[in-house]
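Asker: sharing a model prediction with you, sequence too.
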Amino acid sequence: MKLYTECFWDDWDRIVDIYVEKSDRVPEYINDEKTYKIVVVEKGTFGLKIDKRDYTVKAPAIIMLSNKNKADFKIMEKIKADIVFFNPTAVRDEFSYERIDAHDFDSQIGTIVYQDFVMILPFTDADVTQPVIPISLNSLERVKSIISSLDVQLKGQKDGFWPCRSRSFLMELLYFINYSYVIVSSGDDKDSESDVTFSKIVEYLNEHIGENINLERLTKEFLINRNKLNDIFMNESSMTCMNYLLKLRLDLAKVLLSTTQIPIGEVSARVGFEDSNYFTKVFKKHEGMSPKAFRNQ
């Protein structure tokens, strides 16, 4: 089975190491040793053994499998799932399995490369996160939307940017999973009201990162006043809610700028800025350089 996408353009011999499959069963090649897998379970319930660990998975959920994981599925209810197969070199050329196995990545390799490595860290380090993540229905819709856009690029190949756009949607998917479920929930168990509210709002911000979000929308959505909302974010992140949203947007923009060559105006729209000139102004203010200069660097 070819778990990658070949270019069908004449005279353009190109392979993108990403493949999307929509299925109502678990494919026999789910334990392929050359790819990482993101399994987005829309419907169904099943038992799952990954290596020696047992899980009960109930939709909606995300399962993250590395090339080394051996997963055994025992279906209890008929499933429906989207599966993204990818080689980590689809994120960055530097991320070969040889270098990952040698733990040849740390904060010394450069901030940008390391930030991209964080996106695949859950696949490489079992201590970072559990491989099975329950998600909300809203998150399911967000994830399915990203995968659908990825699938359109891989199958449509409408213009010369399709390899970059495919990579960009893969990075957006990894970013959403990490910043909504892995990074925010890492560390000590959190069960206070403010902790739960913070996690839910961050999840919401990532679900709607490309939309017009303001304090009024958030206070209505979560039935909370502005002062309490900002108090929660100051306690959890040392910044206000809207500054946290801005950080999320700029972090995603940096990921897209550093790993793809899609137009800067497209990056701007993807991270919630309708005006690309305003995006450039804000980016330069916070990062000390323009998006173009950041990409060139």
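Answerer: Everything's here; your move.
Asker: do a quick rundown of the helices in this protein.
Answerer: Listed in chain order, the helices of the chain (DSSP state H) span 97-101, 111-124, 137-156, 162-177, 193-207, 215-222, 226-237, 241-259, 264-270, 276-287, 291-296.
Asker: buried deepest among these, which one?
Answerer: Among those, helix 162-177 has the highest mean neighbour count (mean count of other C-beta atoms under 10 Å), at a mean of 23. (Each C-beta comes from the backbone N, C-alpha and C, glycine too.)
Asker: hmm, who's touching it?
Answerer: 5, 7, 14, 16, 18, 38, 62, 64, 84, 86, 90-91, 116, 119-120, 122, 133, 139, 142-143, 146-147, 149-150, 153-154, 156, 206-207, 251-252, 255-256, 259-262, 270 (C-beta atoms under 8 Å, 6 or more residues apart in numbering).
Asker: what count of nearby residues applies to residue 93?
Answerer: 8 (other C-beta atoms under 10 Å).
Asker: that one and residue 17, how far apart?
Answerer: 10 Å (C-beta to C-beta, to the nearest Å).
Asker: what's in contact with stretch 22-40?
Answerer: 1, 3, 17, 19, 21, 60-71, 73, 75, 78-88, 120, 123, 140, 143-144, 147, 151, 173, 177.
Asker: redo that, cut-off 7 Å
Answerer: Applying C-beta atoms under 7 Å, 6 or more residues apart in numbering, the contact partners of stretch 22-40 are 1, 3, 21, 62-67, 70-71, 73, 78-88, 120, 123, 143-144, 147, 173.
Asker: just the buried residues out of these, in PyMOL syntax.
Answerer: To isolate the buried ones among the contacts of stretch 22-40 in PyMOL, judged by 16 or more other C-beta atoms under 10 Å, type:
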select buried, resi 3+21+62+63+64+65+66+67+71+73+79+81+82+83+84+85+86+87+88+120+123+143+147+173
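Asker: in strands, which of the contacts of stretch 22-40 appear?
Answerer: 21, 62-65, 71, 73, 80-86 (DSSP state E).
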